[in-house]
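[1] show me how the following folds:
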Amino acid sequence: MRYPFQIIFLLFVILGVFYPSLFAESLSIDDRQMIQALLNSKGLDLGTLFFPTNSRYYYRPLIGLSFYADAALLGSHPMLVHFENVLIHALNTLLLFCILRHWSARLGRTDETGQAPLLLAAFFGLHPLATEPVNWISGRTDLLACLFVLASFLCLLRNAGKRVWPDIAAALLFLCGLWAKEAAIGLVPVVLFLSLQDEGFEISRRWRAIAGRCLPFLAALLAYAFMRTGGRIAQDTGVMTAIHGGHGAEHFSLASKALSLIKAIGFYSQKILWPFPLNFAIVEINRPVALAVGIATIFGLAAGLLFFRRRPFMAGLAWLFSFLAPALPVAVNRMAWTPLAERYLYIPLAGLCLLLLSLLAGRQKRIATLALLALLLGFGAATAQRNIVWQQNLTLWQDVVEKSPTFAPGHNDYGLALLRAGRKAEAEKHLALAASLVGDASSRGSSKVRANLTLVKDDLETQVATLEAILQEEKNTKQRRQTASQLISLLNRALTEKKGEVPQRREWLAKMAGLHQDLFALDKNPYHLYRMGQLQLALGEKAVARQAFADTCRSSDDYYTKPACTLAEKLGKELRGE
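    Got it, this is the predicted structure:
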């Protein structure tokens, strides 16, 4: 198969296998809140996006720009946004294919490898570990970071240190990768190792050549650190959390963290070779097995660096572990809602392909190629089936609770999905289970689960009273916003469904107006001012309504702005007796 047809073949296979992803819903964790926030945003401040005035836990301006473009150009339509993720993954596969072709030439056995680059690129494109970042809209961070990392690495391979400008272009692409996700930092040790390997590890004699290749990347890294912290590099929130820990990990002993590190290495080493079972919420692992595999992996890597560092496959091994390293603090110091995740292996998977290419160029290449082909067919079928699971929140969260039965957020979101499907009895069961797993009322996320549990109760008045009590005790800003929004929806539903005059009508309208005022104080969205004005007008409070509409007119530029301005002017005339 000639080169252009190989490109077409890869695109055809990937788009075919990931075709079900186009019909997937937006995920109830992160996706829906992000899309709603983007559609309600007034505009984009590029200066603040790329140059924040203080340190942020997440600094991913390229992702923010990408999602804002989706909202502005595509209306954040789930099908179009999912298709965009699939296209980025397909482009990553093609970039890796080009890298593998160059890598085979680097091995000096281009004729012997035959179709190995094509098979390995397909192996990456159809690997089950790709399903999470592709199907989860918010998982685009890994896709975009991988895109720029692979493009940067390809520039390096094509240039081979001959000219300065291609290396600078590669460093700029690396910076774009960092703007997408912090994990792109793994390219720095890869470039260093590759430079050392190219110069025969003769540091004293060839240090100028080595430094010349690495300096542009170090400069890009320094620029990134300066931008993400507003110039206060020593106060980087993300780095401090990675060092000290979060969600209770700051109290763990060093010995406990070291043990967790070895287990995480073992888990990921095993997972990248055999990814099953696939699970969106990994909260429990086989710790003895992970510990044993972790110890074996560390000793194997140390032996490889000591005795085989000049071998071509060691660069692939360096890639694999360099890009795995940023995921390890997340596991050890609990920096995310799930300490372990399949999406963290998306970029390291490219290193596994580089490693396998070196092995496929060996004496037993025919047997290795047949084994890879069989594995590829099995993985492709598993990926296609997994994409179908990701199509609906109902099927995905069902899969999560089956594999992680003690994961409270999984039962919570599965319960909500069941409720939307009209399966009320099952929904109540899983929401009650989520509430019991969360624990006491002071626990993180308890109020959210308890608020969702009220949705399955028949008595609207009881639901309103329960949510009000939860709102009073909730201190977390995000949870207060969610509970207040749920309470507004319930009050709207109560007023809509009640026949005739509702005794609590004025009381509930006043509560809704107060809730919108609280929400405006939390997120400064003028829409809440507009709704508050409408509610005050319904209550007959014209002076308060006019002020709310006037504030909306001054501070917004949206579909409700013109009506707000008109109402403010009209009410002003009425109050003046004109």
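[2] now residue 561. Nearest residue, chain neighbours left out?
    residue 553 (6.4 Å; Cβ to Cβ, 6 or more residues apart in numbering). All C-beta atoms are positioned from the backbone trio N, CA, C, and that covers glycine.
[3] buried residues, whichever strand or helix holds residue 302. List them.
    Secondary structure assigned from DSSP states H and E places residue 302 in helix 287-307. For helix 287-307, a neighbour-count test (16 or more other Cβ atoms under 10 Å) marks 290-291, 293-294, 297-298, 301 as buried.
[4] any idea of the angle the helix or strand that it is followed by forms with helix 287-307?
    With elements assigned by DSSP H and E, the helix or strand that comes after helix 287-307 is helix 313-324. Per axes from the mean of the first three to the mean of the last three Cα atoms, to 10 degrees, the angle that helix 313-324 makes with helix 287-307 is 130 degrees.
[5] what's helix 313-324 in contact with?
    149, 183, 186-190, 193-194, 197, 265, 268, 272, 301, 304-305, 308, 344-345, 347-348, 350-359 (Cβ atoms under 8 Å, 6 or more residues apart in numbering).
[6] can we see that at 6 Å?
    Helix 313-324 has contacts (Cβ atoms under 6 Å, 6 or more residues apart in numbering) with 186, 189-190, 193-194, 268, 304, 308, 347-348, 351-352, 354-355, 358.
[7] count the neighbours of residue 371 for me.
    As a burial measure, residue 371 scores 12 neighbours (other Cβ atoms under 10 Å).
[8] repeat that for residue 192.
    With other Cβ under 10 Å as criterion, residue 192 counts 17.
[9] what's the closest non-adjacent residue to it?
    Using Cβ to Cβ, 6+ apart, the closest residue to residue 192 is residue 214 (5.6 Å).
[10] next one: residue 508
    Nearest non-adjacent residue to residue 508, counting by Cβ to Cβ, 6+ apart: residue 491, 4.8 Å away.
[11] hmm, the one you found is touching residue 510, no?
    No. In this structure, residue 491 is not within contact of residue 510 by Cβ atoms under 6 Å, at 10.2 Å.
[12] so which of these two has more stuff around it?
    residue 491 (21 against 16).
[13] do you know the pLDDT at residue 13?
    With respect to pLDDT, residue 13 scores 95.
[14] which phi and psi does it have?
    With angles defined as degrees, to the nearest 10, residue 13 sits at phi -70, psi -50.
[15] ok, now residue 282?
    Per degrees, to the nearest 10, the backbone of residue 282 is at phi -90, psi 110.
[16] ok, what's across the strand from it?
    residue 340 (DSSP bridges).
[17] neighbours around the residue nearest to residue 192, how many?
    Neighbours of residue 214 (other Cβ under 10 Å): 19.
[18] show me the contacts for residue 228.
    Contact analysis of residue 228 by Cβ under 6 Å, 6+ apart lists residue 59.
[19] for residue 275, see how far away it is.
    Here residue 228 is placed at a distance of 32 Å from residue 275 (Cβ to Cβ, to the nearest Å).
[20] same check, this time on residue 103
    23 Å.
[21] the two - which one has more neighbours?
    Legend: neighbour count by other Cβ under 10 Å for residue 103 and residue 275, higher for residue 103 (25 against 21).
[22] just checking the distance from the one helix or strand that one maps to to the centre of its chain.
    Per DSSP H and E: residue 103 is located in helix 78-107. How far helix 78-107 lies from its chain's middle: 19 Å, per Cα atoms, centre = their mean, to the nearest Å.
[23] quick one: list the elements packing against that helix.
    Judged by 3 or more Cβ pairs under 6 Å, 6 or more residues apart in numbering; DSSP states H and E, helix 78-107 is in contact with helix 3-17, helix 116-125, helix 140-159, helix 348-360.
[24] residue contacts, the residue nearest the centre of the chain?
    Nearest residue to the geometric centre of the chain (Cα atoms, centre = their mean): residue 139, 3.4 Å. With contact set as Cβ under 6 Å, 6+ apart, residue 139 has these partners: 132-133, 343.
[25] could you rerun that using 8 Å?
    Residues in contact with residue 139 (Cβ under 8 Å, 6+ apart) are 85, 132-133, 343.
[26] residues near the closest residue to residue 412 other than its chain neighbours, how many?
    Among residues not flanking residue 412 along the chain, residue 434 sits closest, at 4.0 Å (Cβ to Cβ, 6+ apart). Residues lying near residue 434 (other Cβ under 10 Å) number 27.
[27] that older thread, next one: the residue nearest to the centre of the chain from residue 34, what distance?
    12 Å.
[28] helix or strand with the lowest mean pLDDT in the protein?
    helix 110-113 (a mean of 47; mean pLDDT, DSSP states H and E).
[29] touching, the residue nearest to residue 412 and residue 406? I think so.
    No. Residue 434 is beyond contact range of residue 406, at 10.5 Å (criterion: Cβ atoms under 8 Å).
[30] joint contacts of those two?
    Joint contacts of residue 434 and residue 406 (Cβ under 8 Å, 6+ apart) do not exist.
[31] okay, the nearest residue to residue 323 once chain neighbours are set aside: pLDDT?
    Distances taken as Cβ to Cβ, 6+ apart place residue 186 nearest to residue 323, at 3.7 Å, with adjacent residues excluded. For residue 186, the pLDDT comes out at 95.
[32] tell me who's in contact with residue 186.
    By Cβ under 8 Å, 6+ apart, the neighbours of residue 186 are 149, 319, 322-326, 347.
[33] now tabulate those in a markdown table and tack on distance to residue 420 and pLDDT.
    Output for the contacts of residue 186, formatted as a markdown table (distance: Cβ to Cβ, whole Å; pLDDT from 0 to 100):
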| residue | distance to residue 420 | pLDDT |
| --- | --- | --- |
| 149 | 38 | 97 |
| 319 | 43 | 93 |
| 322 | 43 | 94 |
| 323 | 38 | 96 |
| 324 | 37 | 94 |
| 325 | 40 | 93 |
| 326 | 36 | 91 |
| 347 | 34 | 97 |
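[34] narrow these to just the buried residues.
    By neighbour count, with 16+ other Cβ under 10 Å, the contacts of residue 186 hold 149, 319, 322-324, 326, 347 as buried.
[35] so what's the residue count around residue 263?
    24.
[36] wasn't it part of a strand?
    No. Residue 263 is assigned helix when assessed by DSSP: H, G, I helix; E, B strand; the rest coil, not a strand.
[37] ok, now which ones touch it?
    With contact set as Cβ under 8 Å, 6+ apart, residue 263 has these partners: 285, 287, 290-291, 294.
[38] how about low-confidence regions in the stretch 201-350 of the chain?
    With pLDDT under 70 as the threshold, the stretch 201-350 of the chain has low-confidence stretches at 234-236, 238-251, 310.
[39] which pLDDT value belongs to residue 121?
    95.
[40] next: the one 10 residues further on.
    The model reports residue 131 with a pLDDT of 97.
[41] picking that back up, count of residues packed around the nearest residue to the residue nearest to the centre of the chain once chain neighbours are set aside?
    Distance criterion Cβ to Cβ, 6+ apart; nearest residue to residue 139, sequence neighbours excluded, is residue 133 at 3.7 Å. Other residues within reach of residue 133 by the criterion other Cβ under 10 Å amount to 28.
[42] wait, is residue 133 part of a helix?
    Yes. Counting by three-state DSSP, residue 133 is part of a helix.
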